[in-house]
Structures are given as structure tokens and as C-alpha cells.
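[1] 3D model of this:
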Amino acid sequence: MMKSEIIVFSEVSLKISETNIIENLNFSISSGDFIYLIGKTGSGKSSIIRSIFCDIPIQSGNCVIDGIDIDKIKKNQIPFLRRKIGIIFQDFKLLSDRSIYKNLEFVLKATEWKDKLKIDERINKVLNQVGMIDIKDRFPHQLSGGEQQRVSIARAILNKPDLILADEPTGNLDPATSKEIMNLLIDINNEGSTVFMATHDYDMISNFPKKTLRLEDGKLFELSKKT
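    Numbers count the residues shown, from 1 in each chain. Sure thing, here's the model as predicted:
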């Protein structure tokens, strides 16, 4: 059975800065894939990731994400697109003024979960999945970087998204913790979510080989997967 395409960029141009524009981006990612996006700092990796969840606009071209044409998307449709996407950031972006449980509850309530029992059940399930059930009453500042990233992964999978976007998810972590986070992402991918990960961690790519796209001088190249 052929896999459907969950990300399609056709002749897409993105504005990275006043002096830097990426033009003619053409690539597609199939449902269930795990794909790395690599490139130098400032090359536009994060801009590609951010364009997928409509954090920066498409300048020109056509971009379809999980069946939604985002170069034509209306502002009031963006929250519905984002519910289909889980996002993991390098700097975690947890809310510092509330517990881990309340961080996750906030996301579910914002996406129209209303049943308190179902909310509790879902939060406990994802925290169990990432090995963080015992810290749900702690605040982010009481956790290590690796623990915070595990929580941010739990947050990303709360709504069982089709697509996980990870922007340098191991960038602030030591090698051993990075390996744990990668194993978690691979487990999530094996359960069916597509993972698109921007990174400059070449050791990680060597240890966990997957299809890799390199962004260089405004152009994308597919690299051979080393096994």
C-alpha cells in the first residue's frame, strides 16, 4: 500500500531575513516517515519548520500539510491545523508559573477538551509514555533539561498528532540524554506519527540513521542514508 504525503512543498519561497530568502523549495514527506533536516546555523532550517505550523508565512509557491493548503490558509483555520501537529522546541517552552500537570492540562483545555476525567487519563498516559509520571506536580525549574524535554514531548503528543515537528530537540542536552530523547522520538514514530526533525547533531544522525535533507545555500539536497 502506498503511503500518503503529509508534507508537500512545491516551488516554495520563504523569507529568512531581510537579506536571505530561500527559493524553490521542493520536497515531500510521506506519512510515517522519520526525516532529518540539517544545515548550518542561519541556513533556514527553523524557518522551514515554522512555516509548516504557520508561524511564518509562505512568500510564494504551494505548501500542503496533512491535506491543508497552508499558502491559502485563513487565520481562523490555523488553530485547527496546529491541533494535527505536535511541536518540540530546543528551549522546551514550558510555562514556568504552573506544574507539569497544569502545563499539559492547559494545552488540552485550549484544544477544547472538557471532560476532567478524560483530561486526567490522557495526561497520565503521555507522562507514563515519556517516563515522567512521578514529576507531574513539579514545576519546570525543578527539572533537568532532559526531563523538561521529555515533558515537551509529552505535550507534543497529547492530541495524538499525525505529524511531529522537532526543532533542534537535543540542542541543549548532553549526549546521553540526547540518546534517550532520540529513542523516545523513534518510539513515537514507530507508533505511527511522522517525525520531521531539524538538527545539527551529526553524531545523532550517525547513531540513528534516517533519511536526511540538507539545506545549503538556499537549496535542499537529499543525502544517502548510512546504515
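
[2] helix/strand/coil for the spatially closest residue to Ser99 that is not a sequence neighbour?
    By the measure of Cβ to Cβ, 6 or more residues apart in numbering, the closest residue to Ser99 outside its immediate chain neighbours is Asp137, 5.3 Å from it. All C-beta atoms are positioned from the backbone trio N, CA, C, and that covers glycine. When classified by DSSP: H, G, I helix; E, B strand; the rest coil, Asp137 comes out as coil.

[3] max-length helix in this protein?
    helix 175-190 (DSSP state H).

[4] and after it, which helix or strand comes next?
    Once helix 175-190 ends, the next helix or strand along the chain (criterion: DSSP states H and E) is strand 194-198.

[5] between helix 175-190 and that following strand, find me the angle.
    Counting by axes from the mean of the first three to the mean of the last three Cα atoms, to 10 degrees, strand 194-198 lies at 150 degrees to helix 175-190.

[6] pull up the pairing partners for strand 194-198, direction included.
    Strand pairing for strand 194-198, using DSSP bridges, gives strand 34-38 (parallel), strand 163-167 (parallel).

[7] quick one, what contacts the residue nearest to the spatial centre of the chain?
    Nearest to the mean C-alpha position of the chain, by Cα atoms, centre = their mean, lies Leu165 at 1.6 Å. Contacts for Leu165 (Cβ atoms under 8 Å, 6 or more residues apart in numbering) come out as Ile49, Ile52, Phe53, Ile85, Gly86, Ile87, Ile88, Phe196, Met197.

[8] go on, Ile88?
    By Cβ under 8 Å, 6+ apart, the neighbours of Ile88 are Gln149, Ser152, Ile153, Ala156, Ile164, Leu165, Ala166, Asp167, Pro169.

[9] those residues: which two are farthest apart?
    Longest distance between any two of those is 14.4 Å, between Gln149 and Leu165; criterion Cβ to Cβ.

[10] helices of this structure, start to end?
    45-52, 78-82, 100-110, 116-129, 145-156, 175-190, 202-207.

[11] neighbouring contacts of the fifth one?
    Contacts with helix 145-156, where a contact means Cβ under 8 Å, 6+ apart, come from 86-89, 92-94, 100, 103-104, 107, 126-127, 129-132, 135, 140, 143, 164, 169-170, 172-174, 177, 180-181, 184-185, 188.
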